[in-house]
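Asker: Let me see the structure of the following:
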Amino acid sequence: MGADLETLYVTKPGGLMRRAWELLVVDGSDRGRRARIDRSPALLGAAPAAVLVLSDDTVSRYHVEVDVYSHGLRVRDLDSTNGTFVGNRRVREAFIEDGQSFRIGHTSVKIIAHDAPDEPVLPPLLGAIPETLGSALARDGRMRRTFEILRRVAPTDAPILFVGEAGTGKATCARIAHSLSSRRSSSLVAAEVMPDPVTTAGVLFGVTRGKVTTPGAFERASGGSLYLQRVDFLTQELQGQVLATLERGEVVRGETTTSKRFDARLICSAEGSLDASSGFSPRLLRRLGAVRIDLPPLRERSSEVADLARSFLDRRVRPLSLRGDLAPATSVGPQLARTLALEHWPGNIDELREAVIGLSKGWVLPEVASLAERLRAAQVMDALVEQNGNVSEVARRIGAPQLDLFRFLARQRIDLEAMETETAITF
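Answerer: You can find the predicted model right below:
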């Protein structure tokens, strides 16, 4: 586009929708035509998939893109043939407020605001800053603030990008976002970016084998939410395909020319860097990350580790007891809580979950110098203190053969006689 084009002011991306917006054609061959903007971004043009379909010959197939903000609409020209104008100025993008108009081709469009509550309607069970959200838990102030952001943006259709190391709970947060959204009655379709770009393209956009074409995740998510995992692994070619799909608002199935309107809430996650130096498209990043939520690693949440462990154990042991199955008596005592808090947890929440649930599955003599050994030693120590050094009762409670337990105590150099005389023990 030429250097004569102007960019008018645009507010900060990521604002929540606080109003419902309507587009009204006030001049041109489609005068009187209206369209409600119920998703962002929305496309205007001559294409059947556009939110506002225009018959004006001077309007391009996809002429402009509209993004919804709290106090107006951002209108961005999509390299149209005849341009976009505000007043007499041709613009690349512009912020249009209630009652103002813009022109594309020979068609003038006015935007009209319909008042709505300032905040999305939230489920009544959620407090101002919740400690629990869905199946996730937070005591730490940083995570509670993260939950507050999530519960506020979840009911909107704004794209969400979760960034964090493997195992930090990105998939859990994606499920929560979908469950609190207006699309929760429809499916949450998850798709993972694979090392092979050809496989990934098939997963996302569909595969054609002979005369049969299998729809991809972008198409299957219609009406619901699409959770796209590991977007930082998208090749540049796939980034272009995803960006084109989002900008057109249409999904092209497999290797065909068949297209379908893309109508899904987009939720993405990434583990690595998405800045320009990583080769990730800034335009695509703006599309995916209207709301970005960074999830901290577990090593930065040491004050929450014991509570998380108790939560995992409760979910594991309670169903067993309700079914009448024998479940080892497992709790998080003081020594186990300290040991859990001191671990580095490179696998984050996923590693913690597997480790503590392993304690509830019954006795297995752990490998020397392993995480399992450290946790088992702390668990045994707590049980010994609780049972006043009664090894038989401890063995029964944790489901260990008594001889195995004695061997383990010897390996850990736990002095039972010292316990009986209430002497402090370290290991």
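
Asker: Apart from its neighbours in sequence, what residue is nearest residue 197?
Answerer: The shortest distance from residue 197 to any non-neighbouring residue, by CB to CB, 6 or more residues apart in numbering, is to residue 235 (4.7 Å). C-beta: built from backbone N, CA, C; applies to glycine.

Asker: ignore the last one, residue 252
Answerer: residue 259 (5.0 Å).

Asker: what do you get for residue 164?
Answerer: Using CB to CB, 6+ apart, the nearest residue to residue 164 is residue 295, at 3.4 Å.

Asker: wait, doesn't residue 348 sit right on residue 171?
Answerer: No - between residue 348 and residue 171 there is no contact under CB atoms under 8 Å: 12.0 Å.

Asker: between the two, who's got more neighbours?
Answerer: Taking neighbours as other CB atoms under 10 Å, residue 348 and residue 171 compare with residue 348 leading, 21 against 17.

Asker: so where does the closest residue to that one other than its chain neighbours fall, helix or strand?
Answerer: Closest residue to residue 348 apart from its sequence neighbours, by CB to CB, 6+ apart: residue 167 at 3.4 Å. Assigned by DSSP states H and E, residue 167 belongs to neither a helix nor a strand.

Asker: Pull the contacting residues for residue 167.
Answerer: 298, 347-351 (CB atoms under 8 Å, 6 or more residues apart in numbering).

Asker: Could I get the full set of strands for the stretch 151-300 of the chain?
Answerer: 160-163, 188-192, 207-209, 212-214, 225-229, 250-252, 259-261, 265-270, 291-294 (DSSP state E, counting those that start in this stretch).

Asker: Out of these, which is closest to residue 112?
Answerer: strand 259-261 (23.6 Å; CB to CB).

Asker: what's the distance between the residue positioned nearest the centre of the chain and residue 293?
Answerer: The centroid of the chain falls nearest to residue 174 when counting by CA atoms, centre = their mean (3.5 Å). Noted for residue 174: a distance of 10 Å to residue 293, by CB to CB, to the nearest Å.

Asker: cool, and residue 30?
Answerer: 40 Å.

Asker: circling back to that earlier point, verify the contact between the residue nearest to residue 252 and residue 49 for me.
Answerer: Yes - under the criterion of CB under 8 Å, residue 259 makes contact with residue 49 at 7.2 Å.

Asker: what's the overlap in contacts for those two?
Answerer: 248, 250.

Asker: got any ranges where the stretch 251-400 of the chain has weak pLDDT?
Answerer: For the stretch 251-400 of the chain, the stretches with pLDDT under 70 are 316-330, 361-369.

Asker: please redo it, this time with the cut-off set to 90
Answerer: For the stretch 251-400 of the chain, applying pLDDT under 90 flags the ranges 252-261, 272-279, 286, 289-290, 301-336, 349-351, 353-400.

Asker: Specify the local secondary structure of residue 65.
Answerer: strand (DSSP: H, G, I helix; E, B strand; the rest coil).

Asker: List the contacts of it.
Answerer: Residue 65 neighbours (CB under 8 Å, 6+ apart): 41-44, 75-76, 78, 247.

Asker: So what pairs up with it in the strands?
Answerer: residue 43, residue 76 (DSSP bridges).

Asker: let's number from 35 now, not from 1
Answerer: Okay, using 35 as the starting number, the last item reads as residue 99.

Asker: and the closest residue to residue 202 other than its chain neighbours, how far is that from residue 388?
Answerer: In this structure, residue 202 finds its nearest non-sequential neighbour in residue 329, 4.2 Å apart by CB to CB, 6+ apart. For residue 329, the distance to residue 388 equals 18 Å [CB to CB].

Asker: Pick out whichever of those two has more residues nearby.
Answerer: Ranked by neighbour count (other CB under 10 Å), residue 329 and residue 388 place residue 329 first, with 23 against 14.

Asker: Could you list the low-confidence segments of the stretch 35-184 of the chain?
Answerer: 35-56, 63, 68-77, 79-87, 95-96, 98-110, 112-115, 121-123, 125-133, 146-184.

Asker: Mind splitting the protein into its structural domains?
Answerer: The record's domain parsing of the chain by automatic domain parsing lists 40-149, 166-330, 333-454.

Asker: and residue 245, how many neighbours?
Answerer: Applying other CB under 10 Å, we find 5 residues neighbouring residue 245.

Asker: Can you pull the phi and psi angles for it?
Answerer: phi -100, psi 0 (degrees, to the nearest 10).

Asker: What of residue 297?
Answerer: Taking degrees, to the nearest 10 as the convention, residue 297 sits at phi -130, psi 80.

Asker: nearest spatial neighbour of it, skipping sequence neighbours?
Answerer: residue 256 is the one closest to residue 297 (CB to CB, 6+ apart), at 5.2 Å.

Asker: go on, residue 267?
Answerer: Closest residue in space to residue 267, ignoring its immediate chain neighbours: residue 227 at 4.4 Å, by CB to CB, 6+ apart.
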